[in-house]
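S.K.: give me coordinates for this.
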Amino acid sequence: MNFTKADLQKEITYKTSRSGGKGGQNVNKVSSKVELLFSVDNSLLFTEEEKVLLNEKIQARLNKDGLVQIVCDEERSQYLNKEKAVERLTVLLIKALQKPKIRKPTKVSKASKAARLDSKKINSVKKENRRKSFKDGD
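M.R.: Below is the predicted model of the structure:
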């Protein structure tokens, strides 16, 4: 990850509006709701391969204009909402850029195979002993 919060904030556009919820009369006066918009395609922070990867991974988070949109109206202060929105964007981008580890297929060890077969034999004998014997003609 070759970006910092400060680098990100240079490329982010904010929209603010009045928010509902807690805050009493403050809610009616102050524009504390923050809508963060970030364009992956126009960003200078990522290489072309990273942009392709980001666009694939966060396809569901893009709006109709192709921008990542994050809305935050949890706090009563616009500043705190901006900070939370930027933090969410950072987490989203970092998760999307992580490449999953390639799984190396492994073989079952001889010891574990033998242990499994032994337990199956024990179970088989146990169940065999439960059966009624019909040899006596009863």
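S.K.: which helix or strand contains Ala114?
M.R.: helix 110-130 (DSSP states H and E).
S.K.: which helix or strand in the protein has the lowest average pLDDT?
M.R.: Across the helices and strands of the chain, mean confidence by mean pLDDT, DSSP states H and E is lowest for helix 25-29: a mean of 71.
S.K.: which SSE is immediately downstream of that helix?
M.R.: Counting by DSSP H and E, what follows helix 25-29 is strand 33-39.
S.K.: I'd like to know which elements that following strand is packed against.
M.R.: Judged by 3 or more CB pairs under 8 Å, 6 or more residues apart in numbering; DSSP states H and E, the packing partners of strand 33-39 are strand 12-17, strand 67-72, helix 78-97. Glycine gets a C-beta too; all of them are placed from N, C-alpha and C.
S.K.: now what about the last one, what contacts it?
M.R.: Helix 78-97 has contacts (CB atoms under 8 Å, 6 or more residues apart in numbering) with 1, 3, 5, 8-9, 12, 14, 16, 19, 30-36, 38, 50, 53-54, 57-58, 61, 68, 70-75.
S.K.: mind checking how far it is from the chain centre?
M.R.: 13 Å (CA atoms, centre = their mean, to the nearest Å).
S.K.: buried set for that helix?
M.R.: Neighbour counts using 16 or more other CB atoms under 10 Å place 78, 81-82, 84-86, 89, 92-93, 96 of helix 78-97 among the buried residues.
S.K.: wait, which of the residues you listed is closest to Leu45?
M.R.: Distance to Leu45 across those (CB to CB) is lowest for Leu93, with 8.9 Å.
S.K.: picking up where we left off before, would you turn the helices and strands packed on strand 33-39 into JSON lines with distance to Leu44 and mean pLDDT?
M.R.: Shown next, in JSON lines, are the helices and strands packed on strand 33-39 (distance: least, CB to CB, whole Å; pLDDT from 0 to 100):
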{"stretch": "strand 12-17", "distance to Leu44": "13", "mean pLDDT": "84"}
{"stretch": "strand 67-72", "distance to Leu44": "15", "mean pLDDT": "88"}
{"stretch": "helix 78-97", "distance to Leu44": "14", "mean pLDDT": "89"}
